[in-house]
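S.K.: I would like the atomic coordinates for the input below:
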Amino acid sequence: MSYSSDITKLISEGSKAYSQRNYELASEKYGDACQLYSSLNDNKEDGDLLLLYGKALFQNGIDKSSILGGIETNNNEEEKEGGDNKDKKGKEENEEEEGDDKFQFYDAEPIDGEVSNENEKEEEHENEEESEENKEENKEQGEEEEGEQEQEQEQEQEASDFEMAWMILDVARGIFEQQLESLPKPTTIPIPYIKSESDPIDNEYIITLKKLSETYDILGEVSLESENFQQASQDLQKSLKLRLELYPRNSSPISESHYKLSLALEFVTDDPLSRKKAAEQIKLAIESTKERNLSETNPEKQKDNEEMIQELNDKYQDLIKDPNQNIQQQQLDIIKGILGESLSGEGAEGATNAIVNNLTSMVKRKPTNEGKVNDLSNLVKKKKPKK
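M.R.: The predicted structure follows:
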């Protein structure tokens, strides 16, 4: 689609900022391009511009979430200022003490009136010191509250980036789906439509289908970052379905889709079969990567694929394990570590009874060690199972 010169300039500036990983500037430029397009076209939206804008917002949200720990610098400055104030205050107190010493030259007892006046002065001085201390405490408390408010605002900003990205991408999704319904489906091109990712695409239906699959993919990633795993699994499932029309099963987009979908399914807690479904998706990702690696001629890519296959295999083995077994093994490892036992995986089940007997004998022989046994049970309870 052709755009006006002003919109084209904004797109160019946004693309340059995006390539430099300046996602905040990129999102501003793409957002301006969307707004300008809408104002020039009777408030209509452009799916391509919205897709660019949504991607930049998403990346900007990820960037901001990684720098939320920057408040520590401000805290250090506050501590430094607090230390300077303490030093200054200590110096003032020393000077005051020296000043009080200067009035201790008289051997004679003071008159009653003088004693009364001195007591009043001392009380006033003490009240002034307490007032200064309260002011300092209130100031420090105010600075701490201000720092907390800034952190909360940054967290809200991060959340709004993800929320805005999801809304923008959802509008783009609706536009692409409407376009797809109005386009004729190719009958002369067999599925999958794209044999190789480097192949040029000139069919409008296939181009729009690819945009829609990408939109669903990023929608899924946004939901993953927001920990909305149910929504992520739905969007990633749709992206995978569309990509299976576009690409061969051994292509990298298909392997990637299987993997992302497994991440979402693993944490869908209201589905008792979600863990099993996640394992199935990992298995499909392994098969896709293995098949692709058979035809790979680049040694570096072959090595990368092999490493990926190993990582996926580890993930698959973790998913097919009974979570209760993992908990029991972790509890056993804790007990072995405390008792100094050195046991291999073989015979671990039999060793459990021996360790429990050791614990029992410890409790019987040394009733005063009840606290240690309680500490042990606390450790076992606090230990979280690996996912």
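
S.K.: Domains in this structure, by residue range?
M.R.: Following automatic domain parsing, one gets these domains for the chain: 1-97+112-170, 204-320, 325-382.

S.K.: Residue ranges in the stretch 251-387 of the chain under the pLDDT threshold?
M.R.: Applying pLDDT under 70 to the stretch 251-387 of the chain picks out residues 323-332, 336, 339-387.

S.K.: same for the helix or strand in which residue 260 is found, what does it pack against?
M.R.: Following DSSP states H and E, one finds residue 260 within helix 252-266. In terms of contacts (3 or more Cβ pairs under 8 Å, 6 or more residues apart in numbering; DSSP states H and E), helix 252-266 is packed against helix 204-225, helix 229-246, helix 274-294, helix 299-320. (C-beta placed from N, C-alpha, C; glycine too.)

S.K.: Of all the ones you listed, which one comes closest to residue 170?
M.R.: helix 204-225 (6.8 Å; Cβ to Cβ).

S.K.: pLDDT on the closest one, on average?
M.R.: For helix 204-225, the mean pLDDT works out to 97.

S.K.: Just the buried positions in that helix, please.
M.R.: By neighbour count with 16 or more other Cβ atoms under 10 Å, helix 204-225 contains the buried residues 205-206, 208-225.

S.K.: do stretch 1-10 as well
M.R.: 3, 7, 10.

S.K.: Dump the helices and strands packed on helix 252-266 to TSV, plus distance to residue 190.
M.R.: Output for these, formatted as TSV (distance: least, Cβ to Cβ, whole Å):
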stretch	distance to residue 190
helix 204-225	12
helix 229-246	11
helix 274-294	19
helix 299-320	26
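
S.K.: Residue 29: which of these is closest?
M.R.: helix 204-225 (18.3 Å).

S.K.: Extract the C-alpha set from the closest one and format it as PDB.
M.R.: This file holds the C-alpha atoms of helix 204-225, laid out as PDB (Å, rounded to 0.1, in the frame of the first residue of the first chain):
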ATOM      1  CA  GLU A 204      -2.300 -11.200  -1.800                       C
ATOM      2  CA  TYR A 205      -4.200 -13.900   0.000                       C
ATOM      3  CA  ILE A 206      -0.900 -15.600   1.200                       C
ATOM      4  CA  ILE A 207       0.600 -12.200   2.100                       C
ATOM      5  CA  THR A 208      -2.400 -11.400   4.300                       C
ATOM      6  CA  LEU A 209      -2.400 -14.900   5.800                       C
ATOM      7  CA  LYS A 210       1.200 -14.400   6.800                       C
ATOM      8  CA  LYS A 211       0.500 -11.100   8.400                       C
ATOM      9  CA  LEU A 212      -2.500 -12.600  10.300                       C
ATOM     10  CA  SER A 213      -0.300 -15.500  11.600                       C
ATOM     11  CA  GLU A 214       2.300 -13.100  12.800                       C
ATOM     12  CA  THR A 215      -0.300 -10.900  14.500                       C
ATOM     13  CA  TYR A 216      -1.600 -13.900  16.400                       C
ATOM     14  CA  ASP A 217       1.900 -15.000  17.300                       C
ATOM     15  CA  ILE A 218       2.800 -11.600  18.800                       C
ATOM     16  CA  LEU A 219      -0.600 -11.500  20.600                       C
ATOM     17  CA  GLY A 220       0.400 -14.800  22.200                       C
ATOM     18  CA  GLU A 221       3.700 -13.400  23.300                       C
ATOM     19  CA  VAL A 222       2.100 -10.300  24.800                       C
ATOM     20  CA  SER A 223      -0.200 -12.600  26.800                       C
ATOM     21  CA  LEU A 224       2.800 -14.800  27.900                       C
ATOM     22  CA  GLU A 225       4.600 -11.700  29.200                       C
END
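
S.K.: Which other helices and strands does that helix contact?
M.R.: Partner elements for helix 204-225 (3+ Cβ pairs under 8 Å, 6+ apart): helix 47-65, helix 112-182, helix 229-246, helix 252-266.

S.K.: hmm, 6 Å instead?
M.R.: Helices and strands touching helix 204-225, as assessed by 3 or more Cβ pairs under 6 Å, 6 or more residues apart in numbering; DSSP states H and E, comprise helix 112-182, helix 229-246.

S.K.: which of those has the lowest average pLDDT?
M.R.: helix 112-182 (a mean of 71).

S.K.: picking up where we left off before, okay if I get the buried residues of stretch 1-10 as CSV plus secondary structure, distance to residue 178 and pLDDT?
M.R.: Listed next are those as CSV, based on DSSP: H, G, I helix; E, B strand; the rest coil; distance: Cβ to Cβ, whole Å; pLDDT from 0 to 100:
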residue, secondary structure, distance to residue 178, pLDDT
3, coil, 20, 95
7, helix, 21, 97
10, helix, 25, 97
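
S.K.: Now flag whichever of these is closest to residue 242.
M.R.: residue 3 (26.2 Å).

S.K.: Kindly list the main-chain dihedrals of the closest one?
M.R.: Residue 3 has phi and psi values of phi -120, psi 170 when expressed as degrees, to the nearest 10.

S.K.: And for residue 297?
M.R.: Torsion angles, degrees, to the nearest 10, at residue 297: phi -110, psi -20.

S.K.: distance of it from residue 305?
M.R.: 12 Å (Cβ to Cβ, to the nearest Å).

S.K.: Those two: which has the busier surroundings?
M.R.: Higher neighbour count among residue 297 and residue 305: residue 305, with 19 against 6, using other Cβ atoms under 10 Å.

S.K.: The more buried one contacts residue 295, correct?
M.R.: No - between residue 305 and residue 295 there is no contact under Cβ atoms under 6 Å: 10.6 Å.

S.K.: so what's residue 59 closest to, chain neighbours aside?
M.R.: Of all residues not flanking residue 59 in the chain, residue 23 sits nearest, at 4.1 Å (Cβ to Cβ, 6 or more residues apart in numbering).
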